[in-house]
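Asks: 3D model of this:
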Amino acid sequence: MQEAAAANSNVTVKYLQSTTQSDYVPNINQFISQKCGIIVTVGFLMGTATQNAAKANPNQKFAIVDYTYSPAIKNVDALVFDTVQDGFLGGYLAAGMSKTHKVATFGGMKLPTVTIYMDGFWDGVQYYNKQHHANVQVLGWNEQTQNGSFTGDFTNQTKGETLTQTFISEGADVIFPVAGNVGLGAAKAVQTADSSGQNVNMEWVDTDGCISAPQYCKYFITSVEKGIQSAVKTAVLAAASGTFKGGNYIGTLANGGVTLAPFHDFQSKVPAALQSELNQVKQGIISGKIPTPTKSPV
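Replies: Modelled structure (predicted):
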C-alpha cells in the first residue's frame, strides 16, 4: 500500500492491526465508516469477515490476501499465490544444500495457505531424490498423509525455537518454517546451533527474509516468496484510478506472483550446477513438464 501511495499522491494509507480474530469485524467496519477507497484484509482467517462485509456493502471495494471465493465476489479482489510452485523449488534447493540428507519444515497452523508451501517443499525434495538417486528425508511433513508438525499459532517464537531444536537434534540441517513470526524462533535456534559449530541453515517464507529479518540473513539460503507487495499495489492503484475489478488473482512462477528470493550471502555457496538445475526445474514447472500437486492455492 505504501508503494501504491508513492506511485499515486492521491493514495493515503491507514492501518489497523488485529490482535485476535474478534478484532476483524470491528476493524473492517471502522474502515467502512471512514469511506476508504479500498480495504485490504490479510490472511486466510479473514475470509469470512471480508465476505460478509463485502456482501453487506456492495459499493465498498475490498482486496484480501490468501483467500478466494467461489463464485468470485465482484467487489473483492482476492489475491492468492500458487506457492506449491516456489515451495517445490525451495525443497529442491534444500535437498541439494543438505549435508546430512535431512531437511525439515513446520507450520504455524494447519491451514491450506500453510500446507501448500509444505506440500511443494516435500515434493521438491522427492524430485531431487529422483533426479539424483538420493535419499534426502523431510522431517515435519508428509504430503501423502498430510500429517506433520505445527506450533498452533503464528506468534509464539519460543515454540518455533523448541521445535527447530528438535529437528536439529534429529539431524536436519536445512529448516523451512511456514509460520510467520514463529519462524524467528526457528532462526534463533539455527543461530544457536551455528554458534556451537553445527552447520545448519534455513529458508524463510512469504517475504525476502534478508529484508524482513536482516539480523538472520546469514542463515537464509533463500526465501520462498509470494508477490504480495506487487499484487496489493496493483489492487490499490486500480481502486484509485477507477479500473478496479473484483475476482480471483493467482500468482504463479509464470506471472512472477511466486518466486525464490535472491541468495544474498549464499550466492557463492550455492553450487553453479545446482543453480542451473533450479532454473531448469522452474521452467519445467512453468511449462507443465514437471507436475506439482494439483490443488487450488487456497
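Asks: quick one: contacts of stretch 124-142?
Replies: Residues outside stretch 124-142 that contact it (C-beta atoms under 8 Å, 6 or more residues apart in numbering) are 87-96, 98, 101-107, 115, 118-119, 121-122, 147-149, 163, 167, 170, 172, 277, 281, 290. For the C-beta atoms, the positions are set from N, CA and C on the backbone; glycine is no exception.
Asks: ok, residues contacting whatever helix or strand residue 234 lives in?
Replies: If you go by DSSP states H and E, residue 234 is part of helix 228-241. Outside helix 228-241, the residues that touch it by C-beta under 8 Å, 6+ apart are 1, 3-4, 7-8, 10-11, 37-38, 40, 61, 63, 65, 77, 79, 81, 206-207, 244-245, 249, 251, 256-257.
Asks: Narrow the residues you listed to just the buried residues.
Replies: 1, 4, 11, 38, 40, 61, 63, 65, 77, 79, 81, 206-207, 244, 249, 251, 257 (16 or more other C-beta atoms under 10 Å).
Asks: of the contacts of stretch 124-142, buried ones?
Replies: 87-96, 98, 102-107, 115, 118-119, 121-122, 148-149, 163, 167, 172, 277, 281, 290.
Asks: Number of residues surrounding residue 142?
Replies: 13 (other C-beta atoms under 10 Å).
Asks: Can you list phi and psi of it for me?
Replies: Backbone torsions for residue 142, taken as degrees, to the nearest 10, come to phi -130, psi 110.
Asks: Which residues does it form beta bridges with?
Replies: Residue 142 has the following beta-bridge partners by DSSP bridges: residue 147.
Asks: how about the helix holding residue 234: buried residues?
Replies: 228, 231, 232, 233, 234, 235, 236, 237, 238, 239, 240.
Asks: So which residue is smack in the middle of this structure?
Replies: The residue lying closest to the centre of the chain (C-alpha atoms, centre = their mean) is residue 206, at 3.1 Å.
Asks: Please report the distance of the nearest residue to that one once chain neighbours are set aside from residue 232.
Replies: Nearest-residue entry for residue 206: residue 226, 5.5 Å, with adjacent residues in sequence omitted and distances by C-beta to C-beta, 6 or more residues apart in numbering. From residue 226 over to residue 232 the distance is 10 Å, taken as C-beta to C-beta, to the nearest Å.
Asks: and if you look at residue 2?
Replies: In terms of C-beta to C-beta, residue 2 sits 10 Å off from residue 232.
Asks: how close does the nearest residue to residue 182 once chain neighbours are set aside sit to residue 266?
Replies: The shortest distance from residue 182 to any non-neighbouring residue, by C-beta to C-beta, 6+ apart, is to residue 160 (3.8 Å). Between residue 160 and residue 266 the computed distance is 21 Å (C-beta to C-beta).
Asks: ok, those two, which is more surrounded?
Replies: Counted by other C-beta under 10 Å, residue 160 and residue 266 do not tie: residue 160 has more neighbours, with 28 against 18.
Asks: avg pLDDT for the helix ranked longest in the chain?
Replies: Criterion DSSP state H: the longest helix present in the chain is helix 112-132. With pLDDT averaged residue by residue, helix 112-132 scores 96.
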